[in-house]
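Participant: coords please:
(one chain, ligands or ions: 1)
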Amino acid sequence: MIKTKLTEMLGIKHPIIQAGMGPYNTMKLSAAVANAGGLGIISSIGMGVVALGFKPLFGFENLTPREQMLSSIEKVKELTKTSQGIFGINVPVAAEFQSVAGELINAALEARETDSEVAKRLKVIITSAGNPEPYVESIKESGAYHFHVVPSPYHAKKVEKMGTDLVIASGHEGGGHVAYDPVHTMVLLPEVVRSVKIPVVGAGGFCDGATLAAALALGAVGIQMGTRFIATKESDFLPNYKNFVRDINDVRNTVVAKGLFGNLRYLKNPAVLKMLELAKSGAPEEEQIKFEIESLEAIEAGDIENSAMPGGEVAGRIKDIPSVKELIETIVKEAEEIIRVKLPKLAV
Ligand SMILES: Cc1cc2nc3c(=O)[nH]c(=O)nc-3n(C[C@H](O)[C@H](O)[C@H](O)COP(=O)(O)O)c2cc1C
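Facilitator: Sure, this is the predicted structure:
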């Protein structure tokens, strides 16, 4: 077992957070992670985009963000009943998403208020990609923890002042949204740790016991993993997306391109190269958005060739599709071995 401030704070077994990964709601994945003793996270981008006027994809229905959030929380609560697993939600608070972010967060607070089982086990609201200030007070008043994803020590200090309980320092090698300034985990994480008094979790590039041990050595209290969790048996992603992650086999095979809400890191394939080309040629904004929507539809249809699939550099290090429990237990066992046996031998 590895005991850190994160495991103590949340009453979880392992210091591992599953990253929010829209456009899926990651319901099955979050339940599997919570059942395995990590922190499972329900993702909400797909719930919000319907309210922004896009057609529902990835199994979402034509419901309001509040209804979608309440129904996802209810399902994850049921799926984790036996293990009494701990879970949370991720809500991006980017300017373009602000109009629905409040509704999604309020729905989670409403579920905590009206259902004692949810209050006991939905312990964390993780915001990302923007300014969380309008929400921190109500989250904390409800008794939930507020975590925020940051790309720099500057942003970490800013949210610490707002009363945020923990920051997730997200390096540029990570999949999905990345900051404009390309600071990677090795430099970002220890500098965020040095800059704030609240606990820090590392994100971007984590996938195994060695990287978990490295995060702890750099002062983190745990890791958040996105790409590694895509390639698991229980993840909500389609089999050929999972296989694509497993088969990439080269850490150079990602690119950063402009997406709907800022820059995203994608797995390299013909669709992403076309997306880059469109941006480079100065194609009109509507054409770029249309291309991105079509590529999301292609992901949903399992058409890998035409899908722009978010994913991190670490995809090049992923070689299998284990169950979530197997993955988490292997990571922790490897990290324990490194900390307890391998590293002490080096200090002579
Ligand atoms: C497919 C995909 C979708 C993502 N969607 C979101 C999201 O909805 N909200 C968010 O805060 N981060 C999102 N991210 C970023 C992750 O939360 C996480 O920080 C990142 O994956 C960590 O780096 P890693 O991929 O190297 O593990 C996404 C990442 C991926 C790969």
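
Participant: Quick one: distance of stretch 205-220 to the chain centre.
Facilitator: On the basis of CA atoms, centre = their mean, to the nearest Å, stretch 205-220 sits 16 Å off its chain's mean C-alpha point.

Participant: er, stretch 328-336 I mean
Facilitator: With CA atoms, centre = their mean, you get 20 Å for stretch 328-336.

Participant: and the residue of the stretch 201-348 of the chain found nearest the ligand, what does it touch?
Facilitator: Taking CB to the nearest ligand atom, the ligand has its nearest neighbour within the stretch 201-348 of the chain at G226, 2.1 Å off. In this view, the C-beta of every residue, glycine as well, is placed from N, C-alpha and C. When contacts are counted by CB atoms under 8 Å, 6 or more residues apart in numbering, G226 touches 18-19, 21, 174-176, 203, 312.

Participant: Residue numbers of the stretch 51-200 of the chain in contact with the ligand?
Facilitator: 90, 92, 128-129, 149, 170, 173-177 (CB under 6 Å from any ligand atom).

Participant: So which of these belong to strands?
Facilitator: Those of these mapping onto strands are 90, 92, 128, 149, 170, 176-177, per DSSP state E.

Participant: Tell me the most packed of the contacts of G226, by neighbour count.
Facilitator: Using other CB atoms under 10 Å as the neighbour criterion, G312 leads the contacts of G226 with 32 neighbours.

Participant: Without its sequence neighbours, what residue ends up closest to that residue?
Facilitator: In this structure, G312 finds its nearest non-sequential neighbour in G175, 3.4 Å apart by CB to CB, 6 or more residues apart in numbering.

Participant: tell me the pLDDT at I45?
Facilitator: The score at I45 is 90. That number is its pLDDT.

Participant: what's the neighbour count on it?
Facilitator: Residues lying near I45 (other CB under 10 Å) number 26.

Participant: what sits against it?
Facilitator: By CB under 8 Å, 6+ apart, I45 lies in contact with 20, 22-23, 92, 97.

Participant: Just the ones in strands from those residues, please.
Facilitator: Using DSSP E, those in strands are P92.

Participant: Which strand or helix spans V256?
Facilitator: For V256, the host element (DSSP states H and E) is strand 254-259.

Participant: A156 and V167 touch, don't they?
Facilitator: Yes - taking contacts as CB atoms under 8 Å, A156 lies within contact range of V167: 4.7 Å.

Participant: which residues are in contact with both of these two?
Facilitator: Joint contacts of A156 and V167 (CB under 8 Å, 6+ apart) are 150, 192, 196, 200.

Participant: And the residues you listed, which is closest to A308?
Facilitator: Among the shared contacts of A156 and V167, V150 lies closest to A308 (CB to CB), at 25.3 Å.

Participant: residues touching the closest one, list them.
Facilitator: By CB under 8 Å, 6+ apart, the contact list for V150 reads 156, 159, 167-170, 192.

Participant: Now secondary structure too, for the residues you listed, in CSV please.
Facilitator: Listed next are the contacts of V150 as CSV, based on DSSP: H, G, I helix; E, B strand; the rest coil:
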residue, secondary structure
A156, helix
V159, helix
V167, strand
I168, strand
A169, strand
S170, strand
V192, helix
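
Participant: Relative to E67, which of those residues is nearest.
Facilitator: Using CB to CB, the contacts of V150 come closest to E67 at I168, 27.8 Å.

Participant: shouldn't the closest one be in contact with V201?
Facilitator: Yes - when contacts are counted by CB under 8 Å, I168 is listed as touching V201 (4.6 Å).

Participant: Show me the common contact partners of those two, please.
Facilitator: Taking CB under 8 Å, 6+ apart as the criterion, I168 and V201 both touch 17, 147, 224.

Participant: Of the residues you listed, just the buried ones, PyMOL syntax please.
Facilitator: Burial among these is assessed by 16 or more other CB atoms under 10 Å; the matching PyMOL selection reads:
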select buried, resi 17+147+224
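
Participant: May I see the shared contacts of I168 and V201 organised as a markdown table, with pLDDT and secondary structure added?
Facilitator: Formatted as a markdown table, these follow (pLDDT from 0 to 100; DSSP: H, G, I helix; E, B strand; the rest coil):
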| residue | pLDDT | secondary structure |
| --- | --- | --- |
| I17 | 99 | strand |
| F147 | 98 | strand |
| Q224 | 99 | strand |
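
Participant: which residues sit in contact with L166?
Facilitator: Applying CB under 8 Å, 6+ apart, one finds that L166 lies in contact with 6, 9, 145, 147, 198-201, 221.

Participant: same thing but 6 Å
Facilitator: Contact analysis of L166 by CB atoms under 6 Å, 6 or more residues apart in numbering lists 147, 198-199.

Participant: Quick check: the residue lying closest to K258 once chain neighbours are set aside vs V255, distance?
Facilitator: Distances taken as CB to CB, 6+ apart place A279 nearest to K258, at 5.2 Å, with adjacent residues excluded. Using CB to CB, to the nearest Å, A279 is found at 11 Å from V255.
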